[in-house]
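Trainee: coordinates only, no sequence provided:
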C-alpha cells in the first residue's frame, strides 16, 4: 500500500488525547498543498476521537515511511517525544510549530525545526493564514428552549431538542447556539435586544423551537426553520400563522426529509420571504398586534360599573 519513500504527516490532531483545532487542520491543508505541488506522496494520521475513519497511529506501520512531518502546535510534551521514539528511523521535520523549550527532547528529536516562533528568532506567518481557500458555509443560529412546563403532558421539548441537534450535527454549516434571555452580567449572553438582533441579522438561518426565536429572526430579515415543541401545536404554530411564515414543523414530524426540505427553502427562497415579512413589521401598514387595541381597552369602562 505504501512506498518506502512515503511521508507521514502528523500533529496534535493525530493524538488520542490531542486537540483538532480549526487552525491546526488548516495548517495541515497548507502543508498538504505544498507536498502535492512537489509530487510528494503522503498520508495523514488522525485522532480516533476526531476522525473515526482514520487512519490512526494504531493502524500505521512505521516501517512504511522514511520521513515524518509534524505540523503546527507546540513542539513539546511526551506525546511528541513518543513520536520520535516510534519513528526513530525516519527523518523527522517540524513545520509551523512553537518552540517553548529548545532543549526539550520533543524539539531536539527533530532533524529540522521550521518554527513559527522561537526565542531569538523572527516569527513567521502561521501556516493557517495561507491555507487553501474554503467554500462558504451557512451560519446557523440555534435557539432552543427546555422549559415551558405550563404545557404539561403536551411537552415534547426534550424530544424536539434531541432530534434537532442530532440532525444539525450532520449539516455542513457553522452552528451558533443563541439564547433570547438577556443578562447584563453574563458575558456569554446578550445584554440588550439590539445586541441579539445584531447577531440574528448576520446569520443565514435560525433553527428554533421558541416563539421569539421565530419572531426575532424574521424581524431581522433572517429565515427561521421553526419547530413547535408542543404536541398538537401551540404558540409557535400560532405565531407562524400570524406572521404568514410557512417553514414550520410539528413536534411529531421531525423526519430528516421534512427538515431538509425546509432547510433548503430557508436558504434559497426563504431569505427573500423573511426580508419581506421583516420589512412588513416596520411598514406604514403593519400586521395588527394586540397593542393596537390597548388604548381602547384602557379607556373602556368595565362592564357593570
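Mentor: Sure thing, it's come through. For clarity, every value in this text was computed on a predicted model and none was experimentally measured. Numbers count the residues shown, from 1 in each chain.
Trainee: roughly how far does the nearest residue to residue 252 once chain neighbours are set aside sit from residue 243?
Mentor: Leaving aside its sequence neighbours, residue 252 sits nearest to residue 231 (CB to CB, 6 or more residues apart in numbering; 7.0 Å). Backbone N, C-alpha and C define where each C-beta goes, glycine included. Residue 231 is 22 Å from residue 243, where distance means CB to CB, to the nearest Å.
Trainee: got it, and residue 88?
Mentor: 66 Å.
Trainee: more crowded one of these two?
Mentor: Taking neighbours as other CB atoms under 10 Å, residue 88 and residue 243 compare with residue 243 leading, 21 against 10.
Trainee: go ahead and confirm that one touches residue 217.
Mentor: No. Using CB atoms under 8 Å, residue 243 is not in contact with residue 217, being 10.3 Å away.
Trainee: which neighbours do the two have in common?
Mentor: Counting by CB atoms under 8 Å, 6 or more residues apart in numbering, residue 243 and residue 217 have no shared contacts at all.
Trainee: make sure residue 226 is indeed in a strand.
Mentor: Yes. Counting by DSSP: H, G, I helix; E, B strand; the rest coil, residue 226 is located in a strand.
Trainee: change the start of the numbering to 12 and stick with it
Mentor: In the new count, where the first residue is 12, that last one comes out as residue 237.
Trainee: pretty sure it sits against residue 256.
Mentor: Yes. If you go by CB under 8 Å, residue 237 and residue 256 touch, sitting 7.1 Å apart.
Trainee: overlap in contacts of the two?
Mentor: Counting by CB under 8 Å, 6+ apart, the shared contacts of residue 237 and residue 256 are residue 225.
Trainee: the two: which has the busier surroundings?
Mentor: residue 237 (30 against 20).
Trainee: any idea which element the residue lying closest to the more buried one once chain neighbours are set aside lies in?
Mentor: Excluding its sequence neighbours, the residue lying closest to residue 237 (CB to CB, 6+ apart) is residue 225, at 4.5 Å. Assigned by DSSP states H and E, residue 225 belongs to helix 222-230.
Trainee: try residue 105
Mentor: Going by DSSP H and E, residue 105 is part of strand 102-110.
Trainee: tell me which other helices or strands that strand touches.
Mentor: On a contact count with 3 or more CB pairs under 8 Å, 6 or more residues apart in numbering; DSSP states H and E, strand 102-110 meets helix 33-48, strand 76-82, strand 123-129.
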